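**Student:** Structure for this input, please:
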Amino acid sequence: MHYILVAGGVISGVGKGIIASSTGLLLQTLGYRVSCIKVQPLGLMAPAEHGECFVLSSGGEVDLDLGNYERYLSVTLSGDNNITLGKMHKRVHDLERKGHYLGKTVQIVPHLTDCIQEWIERVAKIPVDGSGEEPDICIIELGGTVGDMESAPFLYALTKLRHEVGSKNFSTIMVSYVATVHGEQKTKPTQHCVKAIRSEGLIPDVIACRCEKPLEESTISKISLHCQVGLDQVVVVRDMPTIYQVPHLLHEQGLVPLLLSKMDLPSPCKSLAAKGAAKWESWMNLTLPKSQADLKIALVGKYVRNLDAYMSVVKAVLSTCYCSMAVTPWTTGKINLRLTRHDVRLEHAAMHYRYNLKLLLINAEDLEPEAESQDPDTYRSAWDSLASASGLIIPGGFGKRGVLGMMLASRWAREQKRPYLGICLGFQVAVMQFARDMLSMKEADSEEFRPDSREPIIIHMPEVDRERMGATMRLGLHDTVFQPGSEASKIRALYGGSNRAHERHRHRYEVNPQYVEKLQSMGLHFVGKDTTGQRMEIFELQDHPFFIGTQFHAEYQSRVLSGSPPYLGFIAASAGCLDQALKEQTAKGPE
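**Tutor:** Got it, this is the predicted structure:
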């Protein structure tokens, strides 16, 4: 097994995950099998601060960077590919309880660090690309920054791993931020972080310099000199119009040949090399801007101040649409987008339909009547933004805050005949609003928000634990069965006319089966249900251009080279070319 470590310095959220994913993609295009591991020393983190909780097919709730790996590399990872300090401590504790250490004193070194190393070596060999073959290379991303207290055991374990497998089988990419202060590019922080990682016993083979603009030759020379690396080992990763162009940037600077020259890797087989070359050609074609016209899409949610909380949703849209970002006031952190609160200018061409997409971020609370009395200008601005959109997405979320605004937005899309895609909570709020309007159920509500509701249209799933909140939801990959009579359904056609959809879930509430017949009698058809036929998975509104909700999160399985069917249909409907999309997807047939 060959390992590539991607570590960071100076600041966190500098783009290690994108660089790791891009490196893996470039290795794949040469014909190598690649796996990824994310080391997250902090463990549990607040999604509103650090980004979404990504869900795997196995049901594991993991760091959002695993979503980047799956999207770029088209692999399926497991919960074991996400390592946290808590997992490692628990593993050591369980081994000790079983008498594994034979009464010895259990210490950080060697017991915890050996546990980390053994975990990495075991997981690195697990097939992830569906071939059943062991990967050739495992990319390990170390979260946070070198020098963090939480990272110390991992750095020790990785140093020991490098020593045991040998430098020919272990390379290190050090990602550092090069700041520009008063027009001068500063290299001192990079020098210090390289010094820090060297002191831990790890030698950088590549220094990836993150920066807003290209580095000057003198800056590159200074980093090369003071960090004791060759000029070719300093890779400049400047801000790009889209993160999907980062592989192009690394390819132009010869990152992979540089890594391969330092690693004892055999040549890949010809068939995989040919497949990799075809993948690279597809990637090149999909990420070249060829825009036609503007298309406005509204995203109404409660976490819009940190778009990382909706990363998979945004990526699913961008898997249908190629995007480049304009520079505006504030950043969202890991995915390095510069966005304003309500209005995000995305200059990109649809991968399939080549449109410039303008994503309108709308705080759901700003659409509520209470906002009109408290801040009339913000209220009017929010509704004006929504009214200007060609389509509306309402993503998932938890808690009552902003739910009324989401419900009102779903009514607007339904009544104005605008394309609507509701995901998880977006699915539930649309059902609640439909029941209030069309069934005269004025108190229709969710047990999540009103446990004593007399008209609980959304109920707690009976098999889910109501007391424990952690990892007790319906999680992971589950089948959705398209119902008899749904042959003409738009959403079914988007899945190629398949009898089933295989998508990932993350929810603990569902539509109350008692009201399904009434809802369907008014035109809200549940065209997809779970395998028991009791749980509603997909609704589609009759006599509407595109009004669809899914209880599952289709965005989790969206890939850069293979967009998610519901998102593909939604963008096509918003652009006025749904018929074309339906024909294309039907022609492809079931996956």
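**Student:** Every contact and neighbour count from this point should use C-alpha atoms.
**Tutor:** Fine.
**Student:** Okay, now the unreliable bits of the protein?
**Tutor:** 43-48, 289-292, 318-354, 469-471, 591 (pLDDT under 70).
**Student:** go again using 50 as the cut-off
**Tutor:** 321-350 (pLDDT under 50).
**Student:** tell me the domain ranges of it?
**Tutor:** 2-283, 294-588 (automatic domain parsing).
**Student:** Now tabulate the ones you listed in a markdown table and tack on mean neighbour count.
**Tutor:** Below are the domains of the chain laid out as a markdown table (neighbours: other CA atoms under 10 Å):
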| stretch | mean neighbour count |
| --- | --- |
| domain 2-283 | 19 |
| domain 294-588 | 20 |
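**Student:** now Gly143: how far from Trp280?
**Tutor:** Separation of Gly143 from Trp280 (CA to CA, to the nearest Å): 28 Å.
**Student:** With Thr145 instead?
**Tutor:** Taken as CA to CA, the span from Thr145 to Trp280 is 31 Å.
**Student:** how about Pro247, what does it touch?
**Tutor:** Applying CA atoms under 8 Å, 6 or more residues apart in numbering, we find Pro247 in contact with Ile19, Ser22, Thr23, Leu25, Leu26.
**Student:** 7 Å instead, please
**Tutor:** Ser22, Leu26 (CA atoms under 7 Å, 6 or more residues apart in numbering).
**Student:** and it, that one's in a helix?
**Tutor:** Yes. Judged by DSSP: H, G, I helix; E, B strand; the rest coil, Pro247 forms part of a helix.
**Student:** mind checking how far it is from Lys87?
**Tutor:** 32 Å.
**Student:** And for His507?
**Tutor:** In terms of CA to CA, His507 sits 24 Å off from Lys87.
**Student:** Over to Met1?
**Tutor:** 23 Å.
**Student:** Surely Ile480 touches Asp530?
**Tutor:** Careful, residue 480 is Thr and not Ile. Yes. Under the criterion of CA atoms under 7 Å, Thr480 makes contact with Asp530 at 4.8 Å.
**Student:** shared neighbours of those two, anything?
**Tutor:** Shared contacts of Thr480 and Asp530, counting by CA under 7 Å, 6+ apart, come down to Glu537.
**Student:** Just list the residues touching Val206, thanks.
**Tutor:** Thr172, Ile173, Met174, Gln233, Val234.
**Student:** Next one: it from Ala435, what distance?
**Tutor:** With CA to CA as the criterion, Val206 and Ala435 are 58 Å apart.
**Student:** Over to Lys16?
**Tutor:** Distance from Lys16 to Ala435, by CA to CA: 46 Å.
**Student:** cool, and Val234?
**Tutor:** 60 Å.
**Student:** Strands of the stretch 351-500 of the chain, start to end?
**Tutor:** Counting by DSSP state E, counting those that start in this stretch, one finds strands in the stretch 351-500 of the chain at the ranges 356-363, 391-394, 420-423, 444-446, 455-460, 474-482, 500-507.
**Student:** Dump those strands into JSON lines; add distance to Arg414 as well.
**Tutor:** Output for the strands of the stretch 351-500 of the chain, formatted as JSON lines (distance: least, CA to CA, whole Å):
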{"stretch": "strand 356-363", "distance to Arg414": "18"}
{"stretch": "strand 391-394", "distance to Arg414": "10"}
{"stretch": "strand 420-423", "distance to Arg414": "8"}
{"stretch": "strand 444-446", "distance to Arg414": "18"}
{"stretch": "strand 455-460", "distance to Arg414": "18"}
{"stretch": "strand 474-482", "distance to Arg414": "23"}
{"stretch": "strand 500-507", "distance to Arg414": "24"}
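**Student:** Throw the contacts of Val206 into a markdown table and include distance to Met406 and secondary structure, thanks.
**Tutor:** Below are these laid out as a markdown table (distance: CA to CA, whole Å; DSSP: H, G, I helix; E, B strand; the rest coil):
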| residue | distance to Met406 | secondary structure |
| --- | --- | --- |
| Thr172 | 46 | strand |
| Ile173 | 43 | strand |
| Met174 | 43 | strand |
| Gln233 | 50 | helix |
| Val234 | 48 | strand |
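**Student:** Quickly name whichever of those is closest to Glu217.
**Tutor:** Val234 (10.8 Å; CA to CA).
**Student:** Skipping adjacent residues, who's closest to the residue sitting furthest away from the middle of the chain in space?
**Tutor:** Going by CA atoms, centre = their mean, the residue of the chain most distant from its centre is Gly103, 43.4 Å out. Sequence neighbours aside, Glu96 is the residue nearest to Gly103 in space, at 8.0 Å (criterion: CA to CA, 6 or more residues apart in numbering).
**Student:** same question, Pro513
**Tutor:** Per CA to CA, 6+ apart, closest to Pro513 is Gln534, 6.7 Å.
**Student:** Could you do Asn68 as well?
**Tutor:** Ser21 (6.5 Å).
**Student:** where's that neighbour relative to Leu359, distance?
**Tutor:** According to CA to CA, Ser21 stands 25 Å off from Leu359.
**Student:** Kindly report the same for Thr172.
**Tutor:** 37 Å.
**Student:** swap in Gln107?
**Tutor:** From Gln107 to Leu359 the distance is 51 Å (CA to CA).
**Student:** could you list every residue that touches Glu448?
**Tutor:** Neighbours of Glu448 in contact, by CA under 7 Å, 6+ apart: none.
**Student:** May I have the phi/psi pair for it?
**Tutor:** phi -70, psi -40 (degrees, to the nearest 10).
**Student:** quick one: it from Val403, how far?
**Tutor:** For Glu448, the distance to Val403 - CA to CA - is 11 Å.
**Student:** With Arg492 instead?
**Tutor:** 28 Å.
**Student:** now Phe427
**Tutor:** In terms of CA to CA, Phe427 sits 12 Å off from Val403.
**Student:** Same check on Gln580?
**Tutor:** For Gln580, the distance to Val403 - CA to CA - is 34 Å.
**Student:** and what of Arg466?
**Tutor:** Arg466 is 21 Å from Val403, by CA to CA.
**Student:** Ok, Ile140 next?
**Tutor:** 39 Å.
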